[in-house]
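Asks: Give me the fold of what follows.
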Amino acid sequence: MVFEVTPLYALPVAAIYLALWFRVSSIRSAAVVSFGDDGNALLLRRIRQHGNCAEWSAFVLILMMLAEGMNTPAIWLHVSGALLLVGRIAHPFGLVEGNAGHPLRYVGNGTNLLATLNAMVCIGIHILDL
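Replies: Prediction:
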């Protein structure tokens, strides 16, 4: 099976992931911290921005691949992919110290949750043969 839709979203999400990784690595190098955050609040925030991207991106992209492999209509894959991409762009800007209710954090988490649910429904429809 050739995947046509999922890679359209995997590529930009991977670029975001690498950009976030670079931001962690640059702070680690400057602060001379090889493991953990050593109490550095900026490093901790960047670690979590990167970690959140890794957690959500892998999960949603796997679900999208499964759904695409089950011949889910492309429009529904684009829905999950677009939501994932919006969430991955918004979330790092909303994950800030002292404001757990930052609107971009809600956008990031909300869109990724919706992307997940959409892909799950697509897979469920195929499993149940609806």
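Asks: Name the residue closest to the centre of this protein, please.
Replies: S57 (3.3 Å; CA atoms, centre = their mean).
Asks: Secondary structure element holding that one?
Replies: According to DSSP states H and E, S57 maps onto helix 41-69.
Asks: so what secondary structure elements neighbour that helix?
Replies: Counting contacts by 3 or more CB pairs under 8 Å, 6 or more residues apart in numbering; DSSP states H and E, helix 41-69 is packed against helix 6-31, helix 74-94, helix 103-127. All C-beta spots, glycine's among them, are computed from the backbone N, C-alpha and C.
Asks: could you check the angle helix 103-127 makes with the second one?
Replies: Regarding helix 74-94 and helix 103-127, their directions subtend 150 degrees when assessed with axes from the mean of the first three to the mean of the last three CA atoms, to 10 degrees.
Asks: Please apply the same query to the first one.
Replies: Relative orientation of helix 6-31 and helix 103-127, computed by the same axes, to 10 degrees: 140 degrees.
Asks: between helix 6-31 and helix 41-69, how big is the angle?
Replies: 160 degrees.
Asks: buried ones in helix 6-31?
Replies: Within helix 6-31, the residues scored as buried using 16 or more other CB atoms under 10 Å are 6, 9-10, 13, 16-17, 20, 23-24, 27-28.
Asks: And the second one, by the same measure?
Replies: Taking 16+ other CB under 10 Å as the basis for neighbour counts, the residues of helix 74-94 that come out buried are 76-77, 79-81, 83-92, 94.
Asks: Tell me which residues are up against it.
Replies: Applying CB atoms under 8 Å, 6 or more residues apart in numbering, the contact partners of helix 74-94 are 4-6, 8-9, 12-13, 16-17, 20, 49, 52-53, 56-57, 60-61, 63-64, 67-68, 102-112, 114-116, 118-119, 122.
Asks: still on that earlier bit, skip the chain neighbours and tell me the closest residue to the residue nearest to the centre of the chain.
Replies: Setting aside the residues directly before and after it, S57 is nearest to V13 in space (CB to CB, 6 or more residues apart in numbering), at 4.9 Å.
Asks: Perfect, that will be all.
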